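A.B. asks: Please find the sequence and the predicted model below.
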Amino acid sequence: MTITTLAVLVPLLPFLGAAAGLLLGRTAPGFVRPLAVLPTLAAAVIAVVVAARQGGGRAVDAATQLTPTGSVPIDLALHLDGFAVLVAVLVGLVATCVQIYSTAYLKDDARYPSYAALVSLFTSAMLLVVYSGDLMVLLVGWEIMGICSYFLVGHYWETPEARAASLKAFLVTKLGDVPFLIGLFALAADTGSFRITKILAAVTHGGLDHPTLIALLLLAGVAGKSAQFPLHTWLPDAMAGPTPVSALIHAATMVAAGIYFVARLLPVFAASGAALVVLAVMAAVTMIGSGLAALAQDDIKRVLAYSTIGQLGYMSGALAVGDRGAAVFHLLSHGAFKAVLFLAAGVVIHAAGTNSLAAMSRMGGLHTRIPDAYWTMTVALLALAAIPPFAGFFSKEAVLVAAEHTAFGDRDVAPAAAGWTILVAGLIAAVLTAAYATRLWLLAFRGRGPEAPDHGRQPAAMTSVLWVLAVPTIAFGLAAGALGDWFDGHALTPSLPTAVLSTGVGLVGGLVTYGAWRHTTALAARPPVGAVSAHPQAEPALVEAEAITSHTAAYGTIAGAPDPADPGRLLLGPLHRHAVTGFHLDALYATLFVRPVQAAARLVRFLDREVVDTYVRGAGATARGLGWLVRRSQTGNVQTYLGALLAGTLVLAIAAVVFANVYAGA
């Protein structure tokens, strides 16, 4: 079987599994779980075979015309280069783990059949994006992911949070997709093709007439899909969906699609230095802003959501300095450890028996009860904080090295301003990443919150996949040296000065956070001055309550809930109340866009009801009045009809004579 035939099967199998799951979900429920897992697993295995056959060598292209358009043709095309085959392996691996995990996580969910089918369709759409060699076919997968995210984020539609989050995710991403579509058409108009290979060839020969305009239009869609500033606000709210969906969206699909798209068409963006600077600024704001916001969140899934936004900022930063190898390298390593983080968070929530324990301030006594989640999440957090020798260290170093080379003029692909922006922002973000990763670990597993009820050992379907994904989290960075052929021949080796600097600032961020946690924990445990002496026989619970009240008065609360041992409050200080709301961007957008649109809608409704409907009702009333007059004139008396006829004839004759005289005089 040829490599192109195998590649066609990779997105096709999950699609067939989704169709069969939807058809048999109600009539044959016993087939639902096999149809969810086996096609996705088979697609993952075939993706590995395709990657092995491609071998990081010359790209494999195959195409057939999908339909005659009369102008720019649309082809059903495959483009299999090193990036495509590796990203497809990641998508297949994570999607398979998510499907296996979901069989236990949603075991008693009545809507599991539709959920599993949508996850398979989601996977198929992302694989179509990865392998597609034609932008119009890629757009099909791009939009299918959007509608799947709407349904999956809103899976728990009984809750208002899930309904609002699904609608917000759909609308914000569509806001970016409108200029994205215009940019695709403009790109095709300039180059005469939707085929990626032909577009890149045209760019190489200077075939772009409007490079900056096209790049900025496309970046709007990328910002929406990959949750980059200023269109990132949908992603933290999307945590209202099931946790396995969060793992899939964050690790291997949707948010990775925008980064992958820019990597695939990087020469188009590199044709405009201004566009690369805009991308660099967007990435820098995203990295730093999301790191501050993550340091203030109490919900464990929202911390991870802001973490994803920041790590996507690193990938955007690598693209802004013209290094797509570093961007895709970080995409792959991030996909592994972020899947572990979300699925481990799901184990934490499942162990508590309620989604409400996603609040880290309420966690306690979990590290001994869920050792699988504890150890794998610890490894994944070390990778997130870029501590060697885990995968995140090597991939983040590749980004910083690329920025360093651009900043110091060793590479001229991008402006030096873009390099300096990413290098400085990347180092600041490294401090923040280590800080919120340390804070998450301390609060989630060493916190002083109430101990949740013990629901026994977690299902093997949930814990086993954590260890499967922990393997690339640990080893992928070490093996990256052997994968240089898949990354445009890049060695992707760390630079000693940059590695020492970034690791050093990361360790400082982690140690400072640990010190702040020790301080706040001691402060929370200490009774107010005079409390013990005044009440030597006071109950321990009363003493602790008084200590919490004293600390709350000093540091404040979030949503009225005391959080006495949160180092994030101490580290952020007055900035905390702004960071916890995502720096009020939702409120700003509501003021600038949502309320004006709602006001315009109310005006249109008023005009429709009071003006347009008035004319419609008036026309109806006039017709009814004329009908009434005509009805009254129908007496049934023949003599009356003849009299009216003669009178009408006489009036017409007089009018004719008068008109004739006037005309003759003129």
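C.D. replies: Looks like it arrived, so ask away.
A.B. asks: CA atoms only: put the host helix or strand of Ala63 into PDB for me.
C.D. replies: Here Ala63 sits within strand 60-67, counting by DSSP states H and E. The C-alpha coordinates for strand 60-67 follow below in PDB (Å, rounded to 0.1, in the frame of the first residue of the first chain):
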ATOM      1  CA  VAL A  60       5.300  13.700  -0.700                       C
ATOM      2  CA  ASP A  61       2.600  15.400  -2.800                       C
ATOM      3  CA  ALA A  62      -0.500  13.900  -4.400                       C
ATOM      4  CA  ALA A  63      -3.500  15.600  -5.800                       C
ATOM      5  CA  THR A  64      -6.700  15.200  -7.800                       C
ATOM      6  CA  GLN A  65      -9.000  17.900  -8.900                       C
ATOM      7  CA  LEU A  66     -12.000  18.000  -6.500                       C
ATOM      8  CA  THR A  67     -14.300  20.000  -8.800                       C
END
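A.B. asks: Quick check: mean pLDDT of that strand?
C.D. replies: What strand 60-67 shows for mean pLDDT is 85.
A.B. asks: which residues sit against it?
C.D. replies: Applying C-beta atoms under 8 Å, 6 or more residues apart in numbering, the contact partners of strand 60-67 are 3-4, 7, 54, 73-81, 133-134, 136-137, 195, 197. (Each C-beta comes from the backbone N, C-alpha and C, glycine too.)
A.B. asks: Tell me the gap between that strand and the middle of its chain.
C.D. replies: 30 Å (C-alpha atoms, centre = their mean, to the nearest Å).
A.B. asks: quick one: the strands in the protein?
C.D. replies: Assignment of strands within the chain using DSSP state E yields the ranges 60-67, 74-80.
A.B. asks: At the geometric centre of this protein, which residue do we find?
C.D. replies: Nearest to the geometric centre of the chain sits Val255, at 4.3 Å (C-alpha atoms, centre = their mean).
A.B. asks: ok, that residue to Leu128 distance?
C.D. replies: For Val255, the distance to Leu128 equals 17 Å [C-beta to C-beta, to the nearest Å].
A.B. asks: hang on, the earlier thing: ranking the strands of the chain by burial, who's on top?
C.D. replies: Ranked by mean neighbour count, the strands of the chain are led by strand 74-80 with a mean of 22 (mean count of other C-beta atoms under 10 Å).
A.B. asks: In CSV, list the C-alpha atoms belonging to it.
C.D. replies: The C-alpha trace of strand 74-80 is given here as CSV (Å, rounded to 0.1, in the frame of the first residue of the first chain):
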residue,chain,number,x,y,z
ILE,A,74,-9.7,23.3,-5.8
ASP,A,75,-7.7,20.1,-5.4
LEU,A,76,-8.1,17.2,-3.1
ALA,A,77,-4.4,17.3,-2.3
LEU,A,78,-2.0,15.7,0.2
HIS,A,79,1.3,17.4,1.3
LEU,A,80,3.3,15.1,3.6
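A.B. asks: Give me the contacts around that strand.
C.D. replies: Here strand 74-80 makes contact (C-beta under 8 Å, 6+ apart) with 3-4, 7-8, 50, 54, 59-67, 131-134, 136-137, 194-197.
A.B. asks: and it, how far out from the chain's middle?
C.D. replies: On C-alpha atoms, centre = their mean, the centre of strand 74-80 falls 26 Å from that of its chain.
A.B. asks: switch to numbering from 16
C.D. replies: Okay, residue one is now 16; in that scheme the one you just asked about reads as strand 89-95.
A.B. asks: Counting residues, which helix of this structure comes out longest?
C.D. replies: With secondary structure taken from DSSP state H, the chain has its longest helix at helix 175-206.
A.B. asks: What residues sit buried inside that one?
C.D. replies: Using 16 or more other C-beta atoms under 10 Å as the test for burial, helix 175-206 gives 177, 180-181, 183-185, 187-188, 190-192, 194-199, 201-203, 205-206.
A.B. asks: and it, what does it pack onto?
C.D. replies: Applying 3 or more C-beta pairs under 8 Å, 6 or more residues apart in numbering; DSSP states H and E, we find helix 175-206 packed against helix 150-168, helix 211-219, helix 226-240, helix 249-252.
A.B. asks: Try it again at 6 Å.
C.D. replies: Helix 175-206 sits against helix 150-168, helix 226-240, helix 249-252, with contacts defined as 3 or more C-beta pairs under 6 Å, 6 or more residues apart in numbering; DSSP states H and E.
A.B. asks: Which of the ones you listed sits closest to Gly107?
C.D. replies: Of all the helices and strands packed on helix 175-206, helix 150-168 sits nearest to Gly107, with 14.7 Å by C-beta to C-beta.
A.B. asks: packing partners for the closest one?
C.D. replies: Helices and strands touching helix 150-168, by 3+ C-beta pairs under 6 Å, 6+ apart, are helix 127-146, helix 175-206.
A.B. asks: Columns distance to Ala374 and mean pLDDT on top of the ones you listed, output as JSON lines?
C.D. replies: JSON lines is the format used below for those (distance: least, C-beta to C-beta, whole Å; pLDDT from 0 to 100):
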{"stretch": "helix 127-146", "distance to Ala374": "25", "mean pLDDT": "95"}
{"stretch": "helix 175-206", "distance to Ala374": "14", "mean pLDDT": "93"}
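A.B. asks: As a markdown table, these with distance to Phe46 would be great.
C.D. replies: Formatted as a markdown table, the helices and strands packed on helix 150-168 follow (distance: least, C-beta to C-beta, whole Å):
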| stretch | distance to Phe46 |
| --- | --- |
| helix 127-146 | 9 |
| helix 175-206 | 27 |
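A.B. asks: Quick one: closest of those helices to Phe344.
C.D. replies: helix 127-146 (15.7 Å).
A.B. asks: residues in contact with that closest one?
C.D. replies: The contact list for helix 127-146 (C-beta atoms under 6 Å, 6 or more residues apart in numbering) reads 22, 25-26, 29-30, 32-33, 36-37, 40, 47, 51, 55, 93, 99, 102-103, 106, 110, 121, 153, 156-157, 159-160, 163, 166-167, 170, 268, 272.
A.B. asks: Helix or strand with the lowest mean pLDDT in this structure?
C.D. replies: Lowest mean confidence among the helices and strands of the chain (mean pLDDT, DSSP states H and E): helix 555-570, at a mean of 36.
A.B. asks: what about the nearest residue to Leu347 once chain neighbours are set aside, how many residues close to it?
C.D. replies: The shortest distance from Leu347 to any non-neighbouring residue, by C-beta to C-beta, 6 or more residues apart in numbering, is to Leu105 (5.4 Å). Under the neighbour criterion other C-beta atoms under 10 Å, Leu105 is assigned a count of 27.
A.B. asks: list the contacts for Leu105?
C.D. replies: 267, 347, 350.
A.B. asks: can you check Ala605 too?
C.D. replies: Taking C-beta under 6 Å, 6+ apart as the contact definition, Ala605 lies against nothing.
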